[in-house]
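# how would this look folded up:
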Amino acid sequence: MNILMTPILTAFKHSPDRGLGLARDMRVRWALEELGLAYDVHLLSFEEMKQPAHLARHPFGQIPTYEDGSVVLFESGAILLHLAEQHPGLLPADAGARMRAITWMFAALNTVEPPIVERSMAWVLEREQPWYALRLVMLDERVRRRLAELSARLGDAPWLDGDFSAGDLLMVSVLLRLQSSGIVGEYPSLAAYVDRATARPANAPSPRSWRCSRTCSSTPLPVAPRHAWSSPSIGTATRQSAAIRVPPDLRKQPPLDQWMSSATMPSPSRVNACVSTTGLPGNVPLTSADTMWRPSCTCSCRGTT
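Numbers count the residues shown, from 1 in each chain. This is a model prediction of the structure:
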């Protein structure tokens, strides 16, 4: 008997972009939405990403990974290529046009993205250094050179080669990493290109809801008696239009052995922002009348219709 399982995509539990949707799992989510495929999201902390269970999926301990039965893949470009080849919609049927679309996928990841990532990492790691201002001029020049070349090739066409393809999806995903810099806006054709792509229904709030759950197990800690609940996490936490409410009984007694908090999200781009910033964080002790309890939480999200 064949048991159909929903593919699982891994993503950051605490995304470095603080929910802006720039992490590389978003490229894969966008592709899955374009193809109308069901999938689940499993959120991992940085610590969990370096554990043997995840390293078996991704030898470098990063995200995303994609697991569908016996197929286990890492690297967003490889995952996207697999999906585009397995399902119609992101690659042309014509052999020549198909290879041109795949060529644009490689161009996005190998030619356009590297100077953009280098610029981003310089801001993260070097912005306090005395040489940063001069280095930024050089980095911006490299980025602008690539954008000028891409803009010249795109011209007035809506997409890079014929209809929207996986090449466009990856290229726009790369260009979105520059959204805070304003550089893309210097090239009107590219700015319009990004706007067209991000306005596609698969990249907008989806009819599919996302049920994001945090499951916590609590462990008593040997501490002196304390008064009633003192954690600032108790109550309702709201972020990005999603609310997670702590069960009322948790405010009156020590945590249950296991409990779950959930939120329904309008779009996959909001999943990380909600689950990683609300509810009861694993590093916040809770106290009852005579015991301190430290919850250990895991998060996952499931797409529903």
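
# how about the strands in the chain?
Along the chain, the segments classed as strands by DSSP state E run 8-12, 40-44, 65-68, 71-74, 209-221, 236-239, 242-245, 258-265, 286-287, 292-304.

# and these, which one's lowest on average pLDDT?
Here those differ in mean pLDDT, and the lowest is strand 236-239 at a mean of 28.

# where in the stretch 1-150 of the chain is pLDDT low?
Along the stretch 1-150 of the chain, segments meeting pLDDT under 70 span 1-4, 17-21.

# my read: V172 touches T198, true?
Yes - between V172 and T198 a contact is recorded at 6.8 Å, counting by Cβ atoms under 8 Å. C-beta here means a position set from N, CA and C on the backbone, and glycine is covered the same way.

# and these two? Which one has more around it.
V172 (25 against 16; other Cβ atoms under 10 Å).

# any idea how far L176 is from the closest residue to that one other than its chain neighbours?
Once flanking residues are discounted, V172 sits nearest to A197: 4.1 Å by Cβ to Cβ, 6 or more residues apart in numbering. A197 sits 9 Å away from L176, going by Cβ to Cβ, to the nearest Å.

# which residues in this structure form helices?
Secondary structure of the chain (DSSP state H): helices located at 25-35, 46-49, 52-55, 76-86, 95-107, 113-126, 132-154, 166-175, 188-198, 271-275.

# what sits against A95?
By Cβ atoms under 8 Å, 6 or more residues apart in numbering, the contact set of A95 is empty.

# any idea which of the helices of the chain is most buried?
Among the helices of the chain, the stretch with the highest mean neighbour count (mean count of other Cβ atoms under 10 Å) is helix 271-275, at a mean of 27.

# give me the mean pLDDT for it.
38.

# what does stretch 178-197 rub up against?
Residues from elsewhere that reach stretch 178-197 (Cβ under 8 Å, 6+ apart): 116, 119, 140, 143-144, 147-148, 150-151, 154-156, 158-159, 164, 168-169, 172, 175-176, 203.

# next one: stretch 54-66
7-12, 23-25, 28, 44, 48-50, 67, 72-74, 76, 79, 82.

# do that again at 6 Å, thanks
Outside stretch 54-66, the residues within contact range by Cβ atoms under 6 Å, 6 or more residues apart in numbering are 9-12, 25, 28, 49-50, 72-74, 76, 79.

# with stretch 154-171 instead?
Contacts for stretch 154-171 (Cβ under 6 Å, 6+ apart): W30, L80, A84, L90, L91, A97, R100, A101, W104, M105, A108, S189.

# ok, 7 Å please
For stretch 154-171, contacts defined as Cβ atoms under 7 Å, 6 or more residues apart in numbering pick out 27, 30-31, 34, 77, 80, 84, 90-92, 97, 100-101, 104-105, 108-109, 112, 189-190, 193, 196-197.

# and stretch 36-55, how far apart are its ends?
With Cα to Cα, to the nearest Å as the measure, stretch 36-55 spans 29 Å from end to end.
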